[in-house]
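Colleague: Can you look at this prediction? I've put the sequence above it.
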Amino acid sequence: MSLSNPNLEGYNVVRNFWLLYYNRNKGTFVAPKKCSGCYNEDRFVVWAVAVAVQAVVDGARIYPELRPLIAPGIDIFKKYKNPHLRGYSAAENGGNDKDIYYDDDAQVASAMLTAYEVTGEKRYLDLGRELVRFLMGGWNTNPNAKTKGGMCWHITNHYLNACTTAETAKACLQISRFIPNEAKIYIDFAAKCIDWQIRVLQDPSDKLIKDGVQDTSTDFNDTKWTYNVGTTLSAAAHLYHITKDPKWKQIADDLAAAGINRGVFFYDRDYDDAHRYWRDASYFVQLLIEGLADYLLYVGNEAPEGLPEKIQEEVRRHLVMFYEYMRDPRDGLYIQSFEPHRTYKEVYDSKYVKEFGGHKGWGLKDEDKSGDEPMKCLMGGGAAARVFFQGARVVPEVKY
């Protein structure tokens, strides 16, 4: 069995994780046993729920039979909401919990707005608008900050990070399409976010995006994750599509080229060039793939010569590797790893040793195992489905 239709694989993953985790009686996702992403024995953090529900909505855009899952999926978020602050907490609560992360909520907002786009149901737009307005209140205005501007990570922690800033920009641009009389407010805010991101967090040497900095500090976290490039790329490409300002195209061109440069930080460079791969987990990589897909959508034929073809090949290569190494044929679900040696033991022995020469020893990541046995989770299911749905926007048919 091999991968040929990424959209169909995404559909199968959504179907499988919904049947495994969704509990109709409790109206939420419930883990059969504690796994990665659980904050107690069986309930998932809102970030995992957001990724899973986004995957459902992505799938429903292509497969109408998934549309009945959208309403119960969006309704899960009610259990996490603080109605006083209008944000969504990391855990289910009675309505007063303040453990609210702006990056998580930006992904919740995106799921709501995509649900509106797919179904036309105004309640999803209303929910998304309320949440986007909440997100915009997370801009750092601390007068004593050493690092001015940027989006805060948490309502009580002014760590200014790339994912929150770019994901909020993405949500703003998403909603700008649906409320014309408010569009300029959202577009201007998104532009402010990406201006800050490039000025403060982009490394000019490789064009990657640093993770962030505390507002009271000038010591940056220099870790450069795939999703920070992907989300910034999505926003920059969308800004160019809306404004036609060439500065956004240059930013998007640089980010797209950086995202597939096999010599940069987030590739595993312990291998020769032909075998290098994005080494982040699937829940990060899915946003890089989305960013590359958005770049091709919004910049398209104006991209530098040869770059679209290189993007297509890089996405195709990673889809194949992810399918071949991380899919469990017994249940059609995926672990979260993107590293071929951190896979099932039988796959390591039969595929990795042959393809990669046994260069690295076998071992599952902690988030992908229970004891020494592989362990699936909701985040892994949602992220895997999105890898394929977003990948299909770049490579609708996979040949290898």
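Modeller: Everything's here; your move.

Colleague: all contacts plus neighbour counts: C-alpha atoms, from now on.
Modeller: OK.

Colleague: Excluding chain neighbours, give the residue nearest to N7 in space.
Modeller: Leaving aside its sequence neighbours, N7 sits nearest to F389 (Cα to Cα, 6 or more residues apart in numbering; 5.2 Å).

Colleague: Would you agree that neighbour is in contact with V56?
Modeller: No: using Cα atoms under 8 Å, F389 makes no contact with V56, being 10.2 Å away.

Colleague: More neighbours: which of these two?
Modeller: V56 (31 against 28; other Cα atoms under 10 Å).

Colleague: And the pLDDT at that one?
Modeller: We have a pLDDT of 98 for V56.

Colleague: wait, what's in contact with it?
Modeller: Taking Cα atoms under 8 Å, 6 or more residues apart in numbering, we find V56 in contact with V14, L66, L69, I70, G73, G382.

Colleague: who touches the second one in this structure?
Modeller: In other words, L66. Counting by Cα under 8 Å, 6+ apart, L66 touches V56, V57, G59, A60.

Colleague: do that again at 7 Å, thanks
Modeller: Neighbour list for L66: V56, G59, A60 [criterion: Cα atoms under 7 Å, 6 or more residues apart in numbering].

Colleague: Any chance of JSON lines for these, columns secondary structure and distance to Q336?
Modeller: Below are the contacts of L66 laid out as JSON lines (DSSP: H, G, I helix; E, B strand; the rest coil; distance: Cα to Cα, whole Å):
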{"residue": "V56", "secondary structure": "helix", "distance to Q336": "18"}
{"residue": "G59", "secondary structure": "helix", "distance to Q336": "19"}
{"residue": "A60", "secondary structure": "helix", "distance to Q336": "23"}
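
Colleague: Which single one of the residues you listed is nearest to I260?
Modeller: G59 (25.6 Å; Cα to Cα).

Colleague: what's the burial count for the closest one?
Modeller: If you count neighbours by other Cα under 10 Å, G59 ends up with 29.

Colleague: Hmm, it is touching V13, no?
Modeller: No: with contact defined as Cα atoms under 7 Å, G59 does not count as touching V13 (9.9 Å).

Colleague: Can you list the strands that the longest strand along the chain pairs with?
Modeller: With secondary structure taken from DSSP state E, the chain has its longest strand at strand 157-161. Counting by DSSP bridges, the strands paired with strand 157-161 are strand 152-154 (antiparallel), strand 212-214 (antiparallel).

Colleague: next SSE after that strand?
Modeller: Per DSSP states H and E, the first helix or strand lying C-terminal to strand 157-161 is helix 162-176.

Colleague: can you pull the contacts of the closest residue in space to R269 that isn't next to it in sequence?
Modeller: Excluding the flanking residues, the one nearest R269 by Cα to Cα, 6+ apart is R276, at 6.0 Å. Counting by Cα under 7 Å, 6+ apart, R276 touches R262, Y267, D268, R269.

Colleague: go again using 10 Å as the cut-off
Modeller: By Cα atoms under 10 Å, 6 or more residues apart in numbering, R276 lies in contact with N261, R262, G263, F266, Y267, D268, R269, D270, H318, E339.

Colleague: before we move on, what about D294?
Modeller: 230-231, 233-238, 252, 288, 300, 390, 393-394.

Colleague: And those residues, which is the shakiest by pLDDT?
Modeller: Minimum pLDDT across these is recorded for G300, with 90.

Colleague: what number of residues lie near the residue lying closest to M375 once chain neighbours are set aside?
Modeller: Excluding the flanking residues, the one nearest M375 by Cα to Cα, 6+ apart is K369, at 4.5 Å. Other residues near K369 number 18, with proximity taken as other Cα under 10 Å.
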